[in-house]
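*Asks:* Here's a sequence, model it:
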Amino acid sequence: MSRILDASVGRAKNVSLGLGVVGIIGCLIGWFVAPRDFFVAYLFGHFFFLSLSLGSLSLLMIHQLTAGDWGYAVRRFLESAVGNLPLLALLFLPIFFGLPYLYPWQNPAVATANETLRVAQMYLNPPGFVLRTAIVFAIWIIMARQLLKWSAEQDATASLEPTRKMRTLSGPGLVIYPVTMTFAAVDWLMSMEADWFSTMFPVLICIGQILSALALVILLLTWTARSSPLGLLASEENFHKLGNLLLAFTMMWAYLAFGQLLIIWSGNLPHEISWYLHRISDGWKWIAIFIALFHFLFHFSCC
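*Replies:* Residues are numbered from 1 along each chain as shown. You can find the predicted model right below:
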């Protein structure tokens with residue numbers, strides 16, 4: 001059984017290595033041929049994989065506080081994803097070279113003509129951007145390293161002291177994570193729009209990261225259950241618990257995302273609505289269909 005798993009992992013590593021080489025070549029070509037498109041795509045790709053690691057960090061801390069059976073089945077996957085944070089910090093460096101292509105506050109012509117950006121430049125500027133990025137990555141990496149260290153110590157001893165340490169860190173950690181993610185979401189994503197701002201956006205990012213990480217570990221558990229000792233933990237009960245968590249976070253994300261859209265759209269304020277206009281241009285029919293479907297499902301569930 002372990003040989004089958006090792007062979008599958010080996011093939012996955014070889015495929016990943018090949019795709020990585022192709023990706024690096026594509027990045028270099030894109031950097032020189034179409035830098036604006038490259039940096040937007042690179043930021044999206046980086047943030048996608050960073051979300052998997054940070055969502056896994058959150059789930060790991062939630063598991064430490066709740067000690068739910070579901071966490072033991074996916075803990076190793078979560079720890080593996082969390083261990084990628086130092087690499088992701090290193091891979092963020094190219095974005096520092098693309099600030100003029102990504103953010104309007106780095107474009108002097110745009111910033112001068114926009115009153116909001118002129119005021120925001122007290123906060124949104126290259127030194128502050130780099131400093132805040134370094135701080136949030138340092139905090140995430142320190143929390144991740146401590147959790148991984150104590151987890152390894154717990155595997156080697158019968159003492160519960162490492163578990164107590166992980167729980168002691170996880171409590172404040174679940175407060176620190178959304179606070180630091182708020183700074184990162186504002187700097188990296190929200191500031192790409194010249195005038196748009198939202199207090200709910202970082203919350204949606206955090207919930208989306210946890211949801212993405214949860215979906216990933218469920219797929220990994222399903223894939224490895226038949227060819228590894230994890231099959232003993234891949235019970236119907238654990239999958240049921242993981243499915244309940246997946247549904248809960250999906251409903252939370254959808255409710256907040258739709259609530260924000262409904263409030264901003266009904267308010268019809270230029271600053272708040274610009275973000276949606278760039279993404280749903282000529283798509284008003286689909287919005288109407290989505291709203292009608294949402295109301296139908298809501299009333300149906302209440303009956």
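
*Asks:* Low-confidence stretches in the chain?
*Replies:* Applying pLDDT under 70 to the chain flags the ranges 1-10, 12, 227-233, 279-303.

*Asks:* Run through the residues that contact the residue nearest the centre of the chain.
*Replies:* Compute the mean C-alpha point of the chain, and by Cα atoms, centre = their mean the closest residue is Ser51, 2.0 Å away. By Cβ atoms under 8 Å, 6 or more residues apart in numbering, the contact list for Ser51 reads 205, 208-209, 212-213. C-beta here means a position set from N, CA and C on the backbone, and glycine is covered the same way.

*Asks:* Let's have the residues you listed in JSON lines, adding distance to Leu90.
*Replies:* Compiled in JSON lines, the contacts of Ser51 are given as follows (distance: Cβ to Cβ, whole Å):
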{"residue": "Ile205", "distance to Leu90": "22"}
{"residue": "Gly208", "distance to Leu90": "24"}
{"residue": "Gln209", "distance to Leu90": "20"}
{"residue": "Ser212", "distance to Leu90": "21"}
{"residue": "Ala213", "distance to Leu90": "21"}
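
*Asks:* thinking again about what came up before, how much space is there between the residue nearest to the centre of the chain and Gln154?
*Replies:* Distance of Ser51 to Gln154, computed by Cβ to Cβ, to the nearest Å: 27 Å.

*Asks:* same question, Asp69
*Replies:* 17 Å.

*Asks:* Neighbour count for the two, which is higher?
*Replies:* Gln154 (17 against 13; other Cβ atoms under 10 Å).

*Asks:* Next secondary structure element downstream of the helix or strand hosting that one?
*Replies:* Following DSSP states H and E, the helix or strand that holds Gln154 is helix 126-156. Sequence-wise, the next helix or strand downstream of helix 126-156 (DSSP H and E) is helix 161-188.

*Asks:* now that next one against helix 126-156, angle please.
*Replies:* Put simply, helix 161-188 runs at 160 degrees to helix 126-156, going by axes from the mean of the first three to the mean of the last three Cα atoms, to 10 degrees.

*Asks:* In the following helix or strand past helix 161-188, which residues are buried?
*Replies:* Later in the chain than helix 161-188, the nearest helix or strand by DSSP H and E is helix 201-224. The neighbour-count check on helix 201-224 (16 or more other Cβ atoms under 10 Å) flags 201-218, 220-221, 224 as buried.
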